[in-house]
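[1] Need coordinates for the following:
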Amino acid sequence: MSSDFESYEQDFAVLTAEITGRIGKVPKLVGDEKKQMVANIEKQLEEARELLEQMELEVREIPPQSRGMYSSRMRSYKQEMGKLEADFKRSRIAYSDEVRNELLGDDGNSSENQRAHLLDNTERLERSSRRLEAGYQIAVET
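    Purely as a prediction, here's the structure:
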């Protein structure tokens, strides 16, 4: 039984190494290449989850006296899987930010343009407020 578990461990190690490498490449890709890479990573993460399930089944079938060692390994593999999923989520968030910026035409100058428009509008609002106050004063005096 432990030979099956060790085989699953080796497969899991290879798969997580591939996933880690691909996650690192995601921010550098653009367009369809990036979408394809994200889809591939999702498939590999699903395969890794299935391997973890198989490993858990193997641990349940191991005699109780040696089960502790395998259980601690499973905990570390689950933590590694959680870390991979978190890293992938961060890379996808960066990916979605880039797509959003691309769609909205967001670039470095847009925040400066928005700030200039905001200042212009604020000045215009203040001038209008002063005119309204002057008109109110004239109405009160009349």
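
[2] do you know how far residue 14 is from residue 7?
    Per C-beta to C-beta, to the nearest Å, residue 14 is found 11 Å from residue 7. Every residue, glycine included, has its C-beta placed from N, CA and C.

[3] Give the residue from the two that has the larger number of neighbours.
    More crowded of residue 14 and residue 7, by other C-beta atoms under 10 Å: residue 7, with 14 against 10.

[4] Secondary structure element holding the more buried one?
    Using DSSP states H and E, residue 7 falls within helix 2-25.

[5] Quick one: list the elements packing against the next helix or strand after that helix.
    For helix 2-25, the following helix or strand on the C-terminal side (DSSP H and E) is helix 31-61. Judged by 3 or more C-beta pairs under 8 Å, 6 or more residues apart in numbering; DSSP states H and E, helix 31-61 is in contact with helix 2-25, helix 64-104.

[6] and these as JSON lines, adding distance to residue 133 and mean pLDDT?
    Output for the helices and strands packed on helix 31-61, formatted as JSON lines (distance: least, C-beta to C-beta, whole Å; pLDDT from 0 to 100):
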{"stretch": "helix 2-25", "distance to residue 133": "59", "mean pLDDT": "89"}
{"stretch": "helix 64-104", "distance to residue 133": "38", "mean pLDDT": "81"}
